[in-house]
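Visitor: need a structure here:
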Amino acid sequence: MNTDKLIEQLSATTGKTPEEVSGLIGALSETIRDYCADIDAVAIPGFGTFQPIKHNESVRTDIATGKQMLVPPAITVNFKSSVVLRKKFVG
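Guide: Numbering: from 1, shown residues only. Now for the predicted structure:
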């Protein structure tokens, strides 16, 4: 499913216009991004948890060239689905 299909389906289900749904999805993703940037987990009951992980900068050696490179710090986000969501898919 792509974003346009998701917006279309949510619009039909909620009775809101596609523009309203698109704005709500944008606001939700922005809120999740902001909390994860602050290293705060975001839990959505019945859906799952977005858990940010901070990786410090490090020096790595490229195996092919033997050169050392500085890898900048980064934040990655892991998603763990809730039991309710997993049961809906498994049955």
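Visitor: Run through who's touching stretch 23-31.
Guide: If you take Cβ atoms under 8 Å, 6 or more residues apart in numbering as the criterion, stretch 23-31 is touched by 3, 6-7, 10, 16, 42. C-betas here are computed from N, CA, C, even on glycine.
Visitor: top helix in the chain by residue count?
Guide: helix 18-37 (DSSP state H).
Visitor: Identify each buried residue in that one, please.
Guide: For helix 18-37, burial by neighbour count (16 or more other Cβ atoms under 10 Å) applies to 21-22, 32, 36.
Visitor: Kindly report the same for stretch 42-51.
Guide: Neighbour counts using 16+ other Cβ under 10 Å place 42, 48, 50-51 of stretch 42-51 among the buried residues.
Visitor: burial count for the residue nearest to residue 22 when sequence neighbours are not counted?
Guide: Closest residue to residue 22 apart from its sequence neighbours, by Cβ to Cβ, 6 or more residues apart in numbering: residue 7 at 5.4 Å. For residue 7, the count of nearby residues is 19 (other Cβ atoms under 10 Å).
Visitor: So what touches the helix or strand where residue 7 lies?
Guide: In this assignment (DSSP states H and E), residue 7 forms part of helix 3-14. Applying Cβ under 8 Å, 6+ apart, the external contacts of helix 3-14 come out as 1, 16-18, 20-22, 25.
Visitor: pLDDT of that helix, averaged?
Guide: Per-residue pLDDT over helix 3-14 has a mean of 94.
Visitor: and the angle for it with helix 18-37?
Guide: If you take axes from the mean of the first three to the mean of the last three Cα atoms, to 10 degrees, helix 3-14 sits at 110 degrees to helix 18-37.
Visitor: For helix 3-14, buried residues please.
Guide: 7, 10-11.
Visitor: just curious, which of these is nearest to residue 68?
Guide: For those, the minimum distance to residue 68 (Cβ to Cβ) is 46.0 Å, reached by residue 7.
Visitor: Closest one of the contacts of helix 3-14 to residue 65?
Guide: Using Cβ to Cβ, the shortest approach to residue 65 within the contacts of helix 3-14 belongs to residue 1, at 41.4 Å.
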